[in-house]
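Colleague: structure, please.
(one chain, ligands or ions: 1)
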Amino acid sequence: MQRIRSEQLYEEAQEHIVGGVNSPSRSFKAVGGGAPVFMQKGQGAHFWDVDGNKYIDYLAAFGPIITGHAHPVVTEAIVQAAHNGTLLGTATEHEIKLAKELKAAIPSMDKVRFVNSGTEAVMSTIRVARAFTGRNKIIKFAGCYHGHADLVLVAAGSGPSTLGIPDSAGIPPSIASEVITVPFNELDGLRLALERWGNEVAAVMVEPIVGNFGMVMPKPGFLEGLCKLTRDAGALVIYDEVISAFRFHYGSAQTFHAFPDQSLIRPDLTALGKIIGGGMPIGAYGGRADVMAMVAPLGPAYQAGTMAGNPASVLAGLACLEVLKQPGVYEQMERLAVKLVDGLQQSAVRHGVSLTINRIAGAFSTHFCNHPVTNYEEAQGANSELFAKFFRLMLERGVYLAPSKYEAWFLTTAHTDAEIDETLLAADESFLEMSKN
Ligand code: PMP
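Modeller: Below you'll find the predicted structure:
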């Protein structure tokens, strides 16, 4: 497969755009480097690059594109929005409609506020939690990604329960020292951290179903225990559902059938993004009415946005949710994911490739290892070189995966059996290649 134009554009991009990409996750750094593919358009479950090559897309733009690219209902909503002014800078009726949809699907959200990205949503929940509790510290879980705000770009320290060290340059130690990182899927680290710093902790932040070190379900009792320990310490529970909301069913992780008693896993605040904007920039946060009453103009916690709740994003989000409400939509994505995962697993076994797949409804992650992946450490333990090789072999066969071993494969409503069959053929050839050396 020739990608001459992509190579040329990458050269040019690097002269003008830092690193040639506008988000590091789009670079191919984690899969051996070189020019990323420059895409020209997306339609349904497919991408076409600037050299005319066609790919089946499992990236779904890192999650939001659940109805496939350029879905007619979503596209029409954006066109209509454009005709009536993409940004009015005033309140609109559309925002109420989307807020009502979100509240109906995620009942812990008494009150909602729209922002422009997942990062902003998370950042805002932290400010509100701090304002409400009068405390400063945050506890998060190793490997969970919550956007690029200072406070959440903090990694684990050397022990299971130490104050954070920055995960990025440019984050003052004074900020990192307000963050405690503990392991996901075990309560001991959290318990220890709360014992030590509990009365300083404003909130415990978690991806209730993880999407950022592969797809990882919380173990039975983990979320229940997390909520109880956090409340006992007088802190708030914040769920980052930027990936998980509307991904697995029409609702979010906190309303997912996998959890027997949802009253025990109810968060105080929730951060949303991605799917709720139908592919347009959006974020939202919300939760308990008394906590959200801290937010300006009602309360003293300031949070604002020129673009927040703009009609284009809100109408695209409403259109996307309308598509997702149609009967059978999630069942179809899940059926295809099961078929794909079964096929991948059989093929990997046939060629002697060690592969652990974590699937949750229509999304899954592939880890080249022979142990289960239930936390960040185990995900780190998967073979990065083998993933990079698999990524390249699949790319050459017209299958576009996220360029990182930690990212998920996402099915969309546009995928069909034809794409799955084609993908399985490509995977079988790829595993055969991989088994040769
Ligand atoms: N939270 C989670 C769970 C995410 O996966 C992401 C993005 N991948 C974010 C927050 C940040 O969202 P955004 O990129 O829209 O700022």
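Colleague: grab the nearest non-local neighbour of whichever residue of the stretch 51-200 of the chain sits closest to the ligand.
Modeller: Closest approach between the stretch 51-200 of the chain and the ligand, counting by C-beta to the nearest ligand atom: Gly118, at 2.3 Å. Quick note: C-beta positions are derived from backbone N, CA and C, even for glycine. Counting by C-beta to C-beta, 6 or more residues apart in numbering, Gly118 lies nearest to Gly273, which is 3.2 Å off, once chain neighbours are set aside.
Colleague: re earlier: the residue of the stretch 51-200 of the chain closest to the ligand and Ala149 touch, don't they?
Modeller: No - the criterion here is C-beta atoms under 8 Å, and Gly118 misses it with Ala149 at 10.0 Å.
Colleague: and these two? which has more neighbours close in?
Modeller: Between Gly118 and Ala149, Gly118 has the larger neighbour count (other C-beta atoms under 10 Å), namely 30 against 16.
Colleague: list the contacts of the more buried one.
Modeller: Each residue near Gly118 by C-beta atoms under 8 Å, 6 or more residues apart in numbering is listed here: 146-147, 240, 242, 271-274, 283.
Colleague: at 6 Å what do you get?
Modeller: Counting by C-beta atoms under 6 Å, 6 or more residues apart in numbering, Gly118 makes contact with 147, 242, 273, 283.
Colleague: distance to Gly328, neighbour count and secondary structure added to the residues you listed, as JSON lines?
Modeller: As requested, the contacts of Gly118 are exported to JSON lines (distance: C-beta to C-beta, whole Å; neighbours: other C-beta atoms under 10 Å; DSSP: H, G, I helix; E, B strand; the rest coil):
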{"residue": "Gly147", "distance to Gly328": "33", "neighbour count": "19", "secondary structure": "coil"}
{"residue": "Val242", "distance to Gly328": "26", "neighbour count": "31", "secondary structure": "coil"}
{"residue": "Gly273", "distance to Gly328": "26", "neighbour count": "27", "secondary structure": "strand"}
{"residue": "Gly283", "distance to Gly328": "29", "neighbour count": "27", "secondary structure": "strand"}
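Colleague: which one of those is nearest to Leu223?
Modeller: Checking the contacts of Gly118 against Leu223 by C-beta to C-beta gives Val242 as the nearest, at 16.8 Å.
Colleague: returning to what we had before: now do the phi/psi pair for the residue of the stretch 51-200 of the chain closest to the ligand.
Modeller: The phi/psi pair for Gly118 (degrees, to the nearest 10) reads phi -60, psi -40.
Colleague: kindly report the same for Ala235.
Modeller: Ala235 adopts backbone torsions of phi -100, psi 170, taken as degrees, to the nearest 10.
Colleague: how far away is the closest residue to it other than its chain neighbours from the ligand?
Modeller: Distances taken as C-beta to C-beta, 6+ apart place Val201 nearest to Ala235, at 4.4 Å, with adjacent residues excluded. Distance of Val201 to the ligand, given as C-beta to the nearest ligand atom, to the nearest Å: 20 Å.
Colleague: so which strand or helix has Ala203?
Modeller: For Ala203, the host element (DSSP states H and E) is strand 201-206.
Colleague: for that strand, which outside residues touch it?
Modeller: Strand 201-206 is contacted by residues 129-130, 133, 135, 137-141, 230, 233, 235-238 when judged by C-beta under 6 Å, 6+ apart.
Colleague: how about a cut-off of 7 Å?
Modeller: Residues from elsewhere that reach strand 201-206 (C-beta atoms under 7 Å, 6 or more residues apart in numbering): 126, 129-130, 133, 135-141, 144, 146, 190, 194, 226, 230, 233, 235-240.
Colleague: near the ligand too, which of those residues?
Modeller: Among the contacts of strand 201-206, the residues that sit close to the ligand (C-beta under 6 Å from any ligand atom) are 146, 240.
Colleague: residues of the chain that sit close to the ligand?
Modeller: With C-beta under 6 Å from any ligand atom as the criterion, the chain meets the ligand at residues 62, 117-119, 122, 145-147, 207, 211-212, 240, 242-243, 273.
Colleague: what are the ranges of the helices in the stretch 251-400 of the chain?
Modeller: Assigned by DSSP state H, counting those that start in this stretch, the helices in the stretch 251-400 of the chain fall at 289-292, 311-324, 329-350, 376-380, 384-396.
Colleague: and what of the stretch 101-250 of the chain?
Modeller: 118-133, 173-176, 187-197, 222-232.
Colleague: could you give the mean pLDDT of the second one?
Modeller: Helix 173-176 shows a mean pLDDT of 90 in the predicted model.
Colleague: starting at the chain centroid, how far to it?
Modeller: Distance of helix 173-176 from its chain centroid, counting by C-alpha atoms, centre = their mean, to the nearest Å, is 25 Å.
Colleague: same question for the first one.
Modeller: Chain-centre distance of helix 118-133: 18 Å, with C-alpha atoms, centre = their mean.
Colleague: avg pLDDT for it?
Modeller: In this model, helix 118-133 has a mean pLDDT of 98.
Colleague: about what we covered before: out of the helices of the stretch 101-250 of the chain, nearest to Leu393?
Modeller: Leu393 sits nearest to helix 118-133 of all the helices of the stretch 101-250 of the chain, at 31.1 Å, using C-beta to C-beta.
Colleague: ok, for Leu272, nearest residue in space, not its chain neighbours?
Modeller: Residue nearest to Leu272 in three dimensions, not counting chain neighbours: Ala284, with 4.4 Å by C-beta to C-beta, 6+ apart.
Colleague: give me the distance between the one you found and the ligand.
Modeller: Look at Ala284 and the ligand: by C-beta to the nearest ligand atom, they are 11 Å apart.
Colleague: the residue nearest to Gly118 contacts Val242, doesn't it?
Modeller: Yes - using C-beta atoms under 7 Å, Gly273 is in contact with Val242, at 4.1 Å.
Colleague: so what sits against both of these two?
Modeller: Counting by C-beta under 7 Å, 6+ apart, the common neighbours of Gly273 and Val242 are 118, 121.
Colleague: how about the nearest residue to the residue positioned nearest the centre of the chain, chain neighbours excluded?
Modeller: With distances taken as C-alpha atoms, centre = their mean, the residue of the chain nearest its centroid is Ile243 (3.2 Å). Ranked by C-beta to C-beta, 6+ apart and with sequence neighbours excluded, the top spatial neighbour of Ile243 is Gly211, at 3.6 Å.
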